[in-house]
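**Student:** quick one, structure for this:
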Amino acid sequence: MKQTGYCFAPKKGDQEALLDQVLHDLAKREQEKQFGVQELLELKELPLLVEPPHLQIVCRELWHHHRDDQLREISHTAYQQAGRTEGILEIYFLRKIHQFSKKEQALASAAFDHLIGQRSTKIAHSLGRLAELSRVAEKDLQPVLDRLQDGAVLRRQKRGEEFWYELYHDIFSESIDKWNREFKTRQRLKRFARGAVAVLIAGGLLFAGNNWRVNHYGLYLASQEGVFDRIEVHQGTLAGWDMFQQRDFRYESPFLRQELEADKRFDRSIVEDRKNTRARLAGRLPILDRLPRYAENGLYSKIYRSEQNKEDKLVETILKTGEKDLIKPLAPQLASVRTAKSVDLLLRIVREQKNENAVTALAQLGEKAHLVTLLEDEGSVKDEDGDEKPVRMSAAESLSRLGHSSASPALIKLLKSTDEDMLTNFMDTLMELGDSSVVPELVKLLKSTNEDMRVNIVYALSELGNNSVVPELVKLLKDANEGVRRNAAFTLSILGDSSVVPELVKLLKDANEDVRMNAARVLGKLGDSSVAPELVKLLKDANEDVRMNAARVLGKLGDSSVAPKYVKFFVDEDARHSAAEALAELGDSSVTPELVNSNSAHKKHLMI
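**Tutor:** Residues are numbered from 1 along each chain as shown. Modelled structure (predicted):
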């Protein structure tokens, strides 16, 4: 100091010289470390103990940072401002440690954890042990320890084959411990800050990703009364932002806003399951409109209860209501679905509800065997009032449309019914089916006492019969029932078997006018002109209908050889009109002069 022309501030009055104060402060610090404060108070003479390196550090720090170039001295004020010896030594350590990189500071901090004891006492460790305790590599730790040793913070000693390290002096322990705690706190804060930033970034990315996902894959339904009637499907979600501008119109659904039940309409509605969008919309329709919409979209699990899922579905729900207004239109809807389960449910509706609509629906599905079963099973088709007519008649009509001849035996049995409507219905079905194999059974039933049944059977034979039934039909021309006689004559005319002509001629003389008239009709249908002379005799029949019918038949036969005989009938007032019609039918002008000259010819009949 003297050689540089500088000096420590000398003693001034009561203020001791600065160098003595520095030595005193260093000595006191050493004494407190070695003897403790209480022991120092009890000692009268204090040994002056000063570590030369510490004195060197203090002097160098004062020289480099606190000298007064104008006064060319280091003043008491500068010493006080530097924090005296404790402050100078602490600043020295901080200046040294701040020269280290962040990685080197972290290595130093890890080493200090094991070089300072709980009471700020120094602890010595070999390089290997210190690296092991610090969980770092020796090659990374040794350069840091050597730099601290060069800065008089650590002391290095070689013991055997290893280097050992400890604090140069306990004087640095508090400064190091304080810095170490602050360093670790800063590191924790940095890690926390980095973690918080990472969390925020991750959260932001997750938010953005989720926003992209919900708006890319999400759907919502839109319908606004008076703006657009058809329900539209839009991409996106109703909640939150659309960061990537993905929300947009996708397509129109097949559903109209007005179709939905009033309490189930909406302006906007999120689609939670995009696969079931149509199912959800169909579920908002009136209950009777849902089934066809479910079927259109293949949503059969919404219509029927499955073996796996026993929960009631649409059909079971409707059936459990017992409401006929709901169940009646259900049958044709099930027929439109065309599945095996539809058949089972239709049969259930027939048996539980006696619903003829369900019978018609079975016919639409082509279930001929089930329809025959309904014809045969009397007990299952009777309603609560014991009426079997609606179901059986519907089954018969359906079978006639389907042309299922296997129903004929069941229909034959049902002909014994006393209900006229059912009898007519079953007979019509037999004729529609055209199954001639039932003719023998029908002939047997002609002996029944049921007049309505016999009338219908005779008529049916006109469609189903053959010449084998002609003898029976001839007998029926004399039946007591007018309808039987009439239908027998009609059937004979349809069959056209000329072998019955002799029997029919005999019947022209029958006492019953209906028999005579029907016999004449059949002869006319058969077209055998050889019977004309016998028919001419009927022109004088006491019954006007017989006369008129005979005249028409003669005209249709077209045998002009009998024309002269008609002129003779003009003298008979009862036969005159019929003779005139017969002549008109023949169109034979050869008798015209005779008619004109005849006084018996009435003017109006000549006009005919």
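**Student:** got the CA positions of stretch 188-198 in PDB?
**Tutor:** What follows is stretch 188-198 as a C-alpha-only set of coordinates in PDB (Å, rounded to 0.1, in the frame of the first residue of the first chain):
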ATOM      1  CA  ARG A 188     -37.600 -24.200  -7.500                       C
ATOM      2  CA  LEU A 189     -39.300 -21.000  -8.600                       C
ATOM      3  CA  LYS A 190     -37.800 -21.400 -12.100                       C
ATOM      4  CA  ARG A 191     -38.900 -25.100 -12.200                       C
ATOM      5  CA  PHE A 192     -42.400 -24.000 -11.000                       C
ATOM      6  CA  ALA A 193     -42.500 -21.200 -13.600                       C
ATOM      7  CA  ARG A 194     -41.400 -23.600 -16.300                       C
ATOM      8  CA  GLY A 195     -43.900 -26.100 -15.100                       C
ATOM      9  CA  ALA A 196     -46.600 -23.500 -15.000                       C
ATOM     10  CA  VAL A 197     -45.800 -22.300 -18.500                       C
ATOM     11  CA  ALA A 198     -45.700 -25.900 -19.600                       C
END
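**Student:** please shift the residue numbers so they start at 58 in all later answers.
**Tutor:** Taking 58 as the first residue, the last one we looked at is stretch 245-255.
**Student:** angles on the backbone of Arg212, please.
**Tutor:** phi -120, psi 130 (degrees, to the nearest 10).
**Student:** list the beta-bridge partners for it.
**Tutor:** Glu223 (DSSP bridges).
**Student:** my guess is it meets Leu202, correct?
**Tutor:** No: in this structure, Arg212 is not within contact of Leu202 by C-beta atoms under 8 Å, at 10.4 Å. Every residue, glycine included, has its C-beta placed from N, CA and C.
**Student:** what touches both of those two?
**Tutor:** Tyr222 (C-beta atoms under 8 Å, 6 or more residues apart in numbering).
**Student:** endpoint to endpoint, stretch 294-312 covers what distance?
**Tutor:** Chord length of stretch 294-312, first to last residue, is 21 Å (C-alpha to C-alpha, to the nearest Å).
**Student:** which residues in the stretch 458-607 of the chain form helices?
**Tutor:** Secondary structure of the stretch 458-607 of the chain (DSSP state H, counting those that start in this stretch): helices located at 465-471, 477-490, 496-501, 508-521, 527-533, 539-552, 558-564, 570-583, 589-594, 601-614.
**Student:** turn those into JSON lines, columns for mean neighbour count and mean pLDDT.
**Tutor:** Listed next are the helices of the stretch 458-607 of the chain as JSON lines, based on neighbours: other C-beta atoms under 10 Å; pLDDT from 0 to 100:
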{"stretch": "helix 465-471", "mean neighbour count": "20", "mean pLDDT": "69"}
{"stretch": "helix 477-490", "mean neighbour count": "20", "mean pLDDT": "70"}
{"stretch": "helix 496-501", "mean neighbour count": "16", "mean pLDDT": "75"}
{"stretch": "helix 508-521", "mean neighbour count": "22", "mean pLDDT": "75"}
{"stretch": "helix 527-533", "mean neighbour count": "19", "mean pLDDT": "81"}
{"stretch": "helix 539-552", "mean neighbour count": "21", "mean pLDDT": "79"}
{"stretch": "helix 558-564", "mean neighbour count": "17", "mean pLDDT": "84"}
{"stretch": "helix 570-583", "mean neighbour count": "23", "mean pLDDT": "84"}
{"stretch": "helix 589-594", "mean neighbour count": "18", "mean pLDDT": "84"}
{"stretch": "helix 601-614", "mean neighbour count": "21", "mean pLDDT": "80"}
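**Student:** possible to save those helices as CSV with distance to Ser326?
**Tutor:** Listed next are the helices of the stretch 458-607 of the chain as CSV, based on distance: least, C-beta to C-beta, whole Å:
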stretch, distance to Ser326
helix 465-471, 54
helix 477-490, 52
helix 496-501, 65
helix 508-521, 62
helix 527-533, 74
helix 539-552, 68
helix 558-564, 82
helix 570-583, 75
helix 589-594, 86
helix 601-614, 79
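**Student:** how about these, which one is nearest Asp170?
**Tutor:** helix 465-471 (104.3 Å; C-beta to C-beta).
**Student:** and the longest helix seen in the chain, how far out from the chain middle?
**Tutor:** Determined from DSSP state H, the single longest helix within the chain is helix 230-274. Between the mean C-alpha location of helix 230-274 and the chain-wide mean there is a distance of 46 Å, by C-alpha atoms, centre = their mean, to the nearest Å.
**Student:** same question for that helix, mean pLDDT?
**Tutor:** Averaged over helix 230-274, pLDDT sits at 90.
**Student:** do the same with stretch 338-354
**Tutor:** The model assigns stretch 338-354 a mean pLDDT of 83.
**Student:** quick check: Lys582 touching Ser550?
**Tutor:** Yes: counting by C-beta under 8 Å, Ser550 is a contact partner of Lys582 at 3.2 Å.
**Student:** what's the closest non-adjacent residue to Ile114?
**Tutor:** Spatial nearest neighbour of Ile114, chain neighbours left out: Tyr149 (5.4 Å); criterion: C-beta to C-beta, 6 or more residues apart in numbering.
**Student:** what are the buried residues along the host helix or strand of that neighbour?
**Tutor:** In this assignment (DSSP states H and E), Tyr149 forms part of helix 141-154. Judged by neighbour count (16 or more other C-beta atoms under 10 Å), helix 141-154 contains these buried residues: Arg141, Thr142, Gly144, Ile145, Leu146, Glu147, Tyr149, Phe150, Lys153, Ile154.
**Student:** which residues touch that helix?
**Tutor:** For helix 141-154, using C-beta under 8 Å, 6+ apart, the contacting residues are 79, 82-83, 86, 111, 114-115, 118-119, 139-140, 162, 165, 205, 208, 210, 228-229, 232-233, 235-236.
**Student:** now do the helix or strand that it is followed by: which elements does it pack against?
**Tutor:** Counting by DSSP H and E, the element after helix 141-154 in chain order, helix or strand, is helix 159-172. Applying 3 or more C-beta pairs under 8 Å, 6 or more residues apart in numbering; DSSP states H and E, we find helix 159-172 packed against helix 184-191, helix 195-207, strand 219-224, helix 230-274.
**Student:** quick one: work out the angle between helix 159-172 and strand 219-224.
**Tutor:** 90 degrees (axes from the mean of the first three to the mean of the last three C-alpha atoms, to 10 degrees).
**Student:** kindly calculate the angle that helix 159-172 makes with helix 184-191.
**Tutor:** Computed by the same axes, to 10 degrees, the angle between helix 159-172 and helix 184-191 is 100 degrees.
**Student:** pull out the buried residues from helix 159-172.
**Tutor:** Buried residues in helix 159-172 (16+ other C-beta under 10 Å): Glu161, Gln162, Ala163, Leu164, Ala165, Ser166, Ala167, Ala168, Phe169, Leu172.
**Student:** for the fourth one, which non-adjacent residue is spatially closest?
**Tutor:** Take Leu164 and drop its neighbours on the chain: the residue closest to it by C-beta to C-beta, 6+ apart is Val201, 4.6 Å away.
**Student:** that neighbour: how many residues sit nearby?
**Tutor:** Other residues within reach of Val201, judged by other C-beta atoms under 10 Å, total 22.
**Student:** how about the contacts made by it?
**Tutor:** Phe157, Glu161, Leu164, Ala165, Ala168.
**Student:** how close does the closest residue to Glu231 other than its chain neighbours get to Glu520?
**Tutor:** Nearest residue to Glu231, sequence neighbours excluded (C-beta to C-beta, 6+ apart): Ser177, at 5.7 Å. Relative to Glu520, Ser177 is positioned 127 Å away (C-beta to C-beta, to the nearest Å).
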